[in-house]
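Student: Show me the folded form of this:
(chains A and B)
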Protein chains: 2
Amino acid sequence: MTRGEGCGDAILTDILRTVDELNGLKDVDAILEAILLEARKLTGADAGTIFVVRDGRLAFGYVNNDTLFPEGRDGSVSPEVYQSYTLPLDGTSLVGHVALTGQPLLIDDAYALSPDLPYRFNKSFDEQTGYRTRSLLTLPIKSIDGHLMGVMQLINARGPDGLPAPFAPSLAAYLPIFAQHAAAAIERGRMTRELVLRMVRMAELRDPSETGAHVQRVGAYAAEIYHSWALKRKVPLKTIKRQKDLLRIAAMLHDVGKVGVSDAILKKPERLTGDEFATMQWHTVYGARLFDTSLGDLDELCRDIALRHHERWAGGGYPGQIDDRGEDPPDGVRLGEALTGEAIPLAARITALADVYDALSSRRTYKNPWPEDRVLDLIRRESGRHFDPEVVEAFFAIQDIIRAIRARYPDPMD
Amino acid sequence: MTRGEGCGDAILTDILRTVDELNGLKDVDAILEAILLEARKLTGADAGTIFVVRDGRLAFGYVNNDTLFPEGRDGSVSPEVYQSYTLPLDGTSLVGHVALTGQPLLIDDAYALSPDLPYRFNKSFDEQTGYRTRSLLTLPIKSIDGHLMGVMQLINARGPDGLPAPFAPSLAAYLPIFAQHAAAAIERGRMTRELVLRMVRMAELRDPSETGAHVQRVGAYAAEIYHSWALKRKVPLKTIKRQKDLLRIAAMLHDVGKVGVSDAILKKPERLTGDEFATMQWHTVYGARLFDTSLGDLDELCRDIALRHHERWAGGGYPGQIDDRGEDPPDGVRLGEALTGEAIPLAARITALADVYDALSSRRTYKNPWPEDRVLDLIRRESGRHFDPEVVEAFFAIQDIIRAIRARYPDPMD
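Tutor: Residues are numbered from 1 along each chain as shown, chains lettered A, B, ... in the order given. As a prediction, this is how the structure comes out:
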């Protein structure tokens, strides 16, 4: 029995297992990635793309292509997953047509479409890359109430022999069930992302440098640096995926503790005095206090990062050895002795680098963005001082991805 | 074909539909309710209870009993669903035994258990209520990684003739699949609740009266007042469930905009001056600005409530007619003309009552809790003035539920 030709029971069991997989994930990016991967497993597709509806257009959501960028084989990520472009919601493209009609479309050869059809296949991607698109299964992702959430396009089914083949027509009956669950998962992931961004927006009410774009970049940088680090350390792929999902959320929340620092200090335009800076440092402790352990792993990560993202690999950071459940800072009292090296949790070491990299490469009210060379020089120089050398190495190994992330989440003012 | 005896395919389809149902819900209480309802539908059980693991004990989560409190028939809620008690995680109770062993337990007559068994059936509930428990299906709710999330107990299966019958043994094979999805749904619901409480904790860093217990009470009061109002208005039960789920979350977030008000005003121990009070009123606008429309219905509710929970039915509230996307308050400038009556969104009218009721019945640094009579007198007097008379009526119709909620979320200091 080949994939896509099983009896209903087997496919339903497969879909249930897959839905399970999705339900274990929290952030919307991890969910989009898993949906595409699972849909490709269910159908045997070589490649695929997901689009999500945003502001009345179809926004690129995620891409997989085993032939061109074999993510999943060695477990590495391709920068293409951070692309950012949109399609209009009209019937001239295949994807747009499926979005408008709400019906799946099964095509055996994308190059042999009748010119009488209202939609046509866009060959530009194939022409740029040398890829040859043949069979296509394009299906709408609709929420329970029938609302269009996005469109998934699966490309080049492979037969049992691994060679290109058409998609089995029976899939068109079962995949909508999967798509409906995918829609619910996307909705949840977006909600989680939005709730996290709400917390950031609350912090932004007090500190305008805490913007949504900044924290989404820091979250994505941290997630990808970890992925790069973990591949090198031969961490099992399953663990990588789970940790990466949590780390992205937790890294976004690294500075929410600033909400506890008084206006007089947070909004002071001049340089802070020694005492004021000592008070400002308590944002790490306030942040940590926001996260107890009721969310399990995620909370622990959030605490680690909020509390420790200003520690330095070679020492000299803060807050150091402190009981973060303690009282508010007495005037002028310094925090404990700094942590060093691996005593600083990995997630915090990674977020420290992601945060500094983003602050330097971005505009602030008091500075222009630094040129990339200068930023990378500083990070290289600080390897073993401010930053964990292994984390710095993992960061330099994925510069193409880092740049793709920077392009995906631009500052509104830039 | 009777329920519980279908072929695997039909049951799997049923489970998939049910999982869908769960995925559409956001708050943990709505999810627990739906899990129990769906499990009873799948098995034909007359009653059931869910326990969730919390702090190393089994905490009561939700209860259904068609015979004793027929929730779901006329759609009303019984105060029992807000009970609060815990069982130890040990093998002497049926529920504890299933939690420890991780295996489902199928019992045909709870009164005929061999005394040699390590666990026994606790008859005290039956003795108090006159209910006769016969068949029991007790099963663990485990997360994907095998972690115990809770235990579900289904009581008194009914045969096709509606009469008591044993649970079909085949259910023991399929229900664990459902339970695994239920576990994922509970995990998500808890995460959503926790993320919401994080936002509240951020507000609490600035205004200590915004506590977790306060907002959970306000959320539950608002949800149940709405339910009572909507039943009277003959709103379809499906709409009620969805709106109630969202309203509970949105009402919890009514005051998060306080994070935007300066310390000097928020923490002033004395009475605010006119200008200071005018500035304080902007917490409604700051709150509304935190919610754009990217979360759809939930965001809209959050905006409505944050912006409008200080409006008054007969007028005289704030912020009145304003563009909430506007600029920060110029010194001493008043907000717009107050809204009145149904121009105030229903969710805000309901939350206004829930918030005032809770503030009066609770301890504050500057006041003791008012006795219940005095609180209810004031609310009755303000019907048609501060509060929507129909909302007041819906509130008085469910005083048993309101009291059960107050008992479920006590202030830590009380």
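
Student: Contacts only, for the residue of the stretch 251-400 of chain A found nearest chain B.
Tutor: When CB to the nearest CB is the measure, the stretch 251-400 of chain A has its nearest residue to chain B at residue A:260, with 4.3 Å between them. The C-beta positions use only the backbone N, C-alpha and C, and glycine is treated the same way. Residues in contact with residue A:260, defined by CB atoms under 8 Å, 6 or more residues apart in numbering or on different chains, are A:282, A:283, A:286, A:287, B:205, B:206.

Student: for residue A:394, same thing?
Tutor: Applying CB under 8 Å, 6+ apart to residue A:394 gives the contacts A:225, A:226, A:228, A:229, A:232.

Student: Residue A:193 now?
Tutor: Going by CB under 8 Å, 6+ apart, residue A:193 touches A:27, A:28.

Student: What is the longest helix of chain A by residue count?
Tutor: Longest helix of chain A, by residue count under DSSP state H: helix A:171-204.

Student: Name the next helix or strand following it along the chain.
Tutor: Downstream of helix A:171-204, the next assigned helix or strand under DSSP states H and E is helix A:212-232.

Student: Quick one: mean pLDDT over that following helix.
Tutor: For helix A:212-232, the mean pLDDT works out to 95.

Student: In it, which residues are buried?
Tutor: By neighbour count with 16 or more other CB atoms under 10 Å in any protein chain shown, helix A:212-232 contains the buried residues A:212-231.

Student: and the angle from the following helix or strand past that helix to helix A:171-204?
Tutor: Following helix A:212-232 in sequence order, the next helix or strand is helix A:237-252 (DSSP H and E). Direction vectors for helix A:237-252 and helix A:171-204, defined by axes from the mean of the first three to the mean of the last three CA atoms, to 10 degrees, enclose an angle of 30 degrees.

Student: what's the angle between whatever helix or strand residue A:153 lives in and helix A:171-204?
Tutor: Residue A:153 belongs to strand A:148-158 when assigned by DSSP H and E. Between the axis of strand A:148-158 and that of helix A:171-204 there is an angle of 130 degrees, by the same axes, to 10 degrees.

Student: Strand A:148-158 near chain B anywhere?
Tutor: No - under the criterion of CB under 8 Å from any CB of the partner chain, chain B is not reached by strand A:148-158; the shortest gap measures 10.9 Å.

Student: okay, the residue of the stretch 251-400 of chain A closest to chain B: pLDDT?
Tutor: What the model reports as pLDDT for residue A:260 is 85.

Student: so what's whichever residue of the stretch 151-300 of chain A sits closest to chain B up against?
Tutor: Scanning the stretch 151-300 of chain A for the residue nearest chain B gives residue A:184, at 3.6 Å (criterion: CB to the nearest CB). Residues in contact with residue A:184, defined by CB under 8 Å, 6+ apart, are A:143, A:144, B:20, B:23, B:24.

Student: out of everything not next to it in sequence, what's closest to the first one?
Tutor: Spatial nearest neighbour of residue A:143, excluding adjacent residues (CB to CB, 6 or more residues apart in numbering or on different chains): residue A:183 at 4.5 Å.

Student: Next, count neighbours for the one you found.
Tutor: Each residue near residue A:183 was counted by other CB atoms under 10 Å in any protein chain shown, and the total is 25.

Student: Next: residue A:172.
Tutor: Around residue A:172 there are 15 other residues, counting by other CB under 10 Å.

Student: so how far is residue A:64 from it?
Tutor: With distances taken as CB to CB, to the nearest Å, residue A:172 is found 20 Å from residue A:64.

Student: right, is whatever helix or strand residue A:137 lives in up against chain B?
Tutor: Counting by DSSP H and E, the secondary-structure element that holds residue A:137 is strand A:136-142. No - remark: strand A:136-142 sits outside contact range of chain B, by CB under 8 Å from any CB, the gap being at least 11.7 Å.

Student: That strand vs helix A:171-204, what angle?
Tutor: 50 degrees.

Student: what is the mean pLDDT for strand A:136-142?
Tutor: Per-residue pLDDT over strand A:136-142 has a mean of 93.

Student: for stretch A:83-94, same thing?
Tutor: Here the average pLDDT along stretch A:83-94 is 88.

Student: As JSON lines, the contacts of residue A:394 with distance to residue B:378 would be great.
Tutor: Listed next are the contacts of residue A:394 as JSON lines, based on distance: CB to CB, whole Å:
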{"residue": "A:225", "distance to residue B:378": "57"}
{"residue": "A:226", "distance to residue B:378": "55"}
{"residue": "A:228", "distance to residue B:378": "62"}
{"residue": "A:229", "distance to residue B:378": "60"}
{"residue": "A:232", "distance to residue B:378": "66"}
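
Student: which stretches of the stretch 1-150 of chain A form helices?
Tutor: A:8-23, A:28-43, A:94-101, A:124-129 (DSSP state H, counting those that start in this stretch).

Student: Please identify the most buried of the ones you listed.
Tutor: Among these, judged by mean count of other CB atoms under 10 Å in any protein chain shown, the one packed with the most neighbours on average is helix A:28-43 (a mean of 23).

Student: angle of that helix against helix A:171-204?
Tutor: In this structure, helix A:28-43 runs at an angle of 170 degrees to helix A:171-204, with the same axes, to 10 degrees as the basis.

Student: Now do stretch A:365-377: everything it contacts.
Tutor: For stretch A:365-377, contacts defined as CB under 8 Å, 6+ apart pick out A:208, A:209, A:357, A:360, A:361, A:362, A:363, A:378, A:396, A:414.

Student: before we move on, which element is the third one in?
Tutor: Going back to what we said before, that points to residue A:357. Secondary structure assignment for residue A:357, by DSSP H and E: helix A:346-361.

Student: and the helix or strand following that helix, average pLDDT?
Tutor: Tracing the chain C-terminally past helix A:346-361 and defining elements by DSSP H and E, one meets helix A:372-381 next. Taken as a whole, helix A:372-381 has a mean pLDDT of 98.

Student: hey, C-alpha coordinates of helix A:372-381 in PDB?
Tutor: Once non-C-alpha atoms are left out, helix A:372-381 reads as follows in PDB (Å, rounded to 0.1, in the frame of the first residue of the first chain):
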ATOM      1  CA  GLU A 372      26.900  45.100   9.000                       C
ATOM      2  CA  ASP A 373      30.700  44.800   9.000                       C
ATOM      3  CA  ARG A 374      31.100  46.900  12.100                       C
ATOM      4  CA  VAL A 375      28.400  44.900  13.900                       C
ATOM      5  CA  LEU A 376      30.000  41.500  13.000                       C
ATOM      6  CA  ASP A 377      33.400  42.800  14.000                       C
ATOM      7  CA  LEU A 378      32.200  43.700  17.400                       C
ATOM      8  CA  ILE A 379      30.500  40.300  17.900                       C
ATOM      9  CA  ARG A 380      33.700  38.500  16.700                       C
ATOM     10  CA  ARG A 381      35.700  40.600  19.200                       C
END
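
Student: quick one on the thing from earlier: which of the contacts of residue A:394 sits closest to residue B:404?
Tutor: Taking CB to CB as the measure, residue B:404 sits nearest to residue A:226 out of these, at 45.3 Å.

Student: Now look at stretch A:81-94 and say if it contacts chain B.
Tutor: No - residues of stretch A:81-94 contacting chain B under CB under 8 Å from any CB: none, with a closest distance of 15.6 Å.

Student: From the chain's centre, how far out is that stretch? Work that out for me.
Tutor: What separates the centre of stretch A:81-94 from the centre of its chain is 20 Å, taken as CA atoms, centre = their mean, to the nearest Å.

Student: And the contacts of it?
Tutor: A:33, A:51, A:53-54, A:56-60, A:62-63, A:71, A:95-97, A:99-101, A:105, A:107, A:118-122, A:136, A:138, A:153, A:220, A:401, A:404-405, A:407-408.

Student: Many thanks, I have nothing further to ask.
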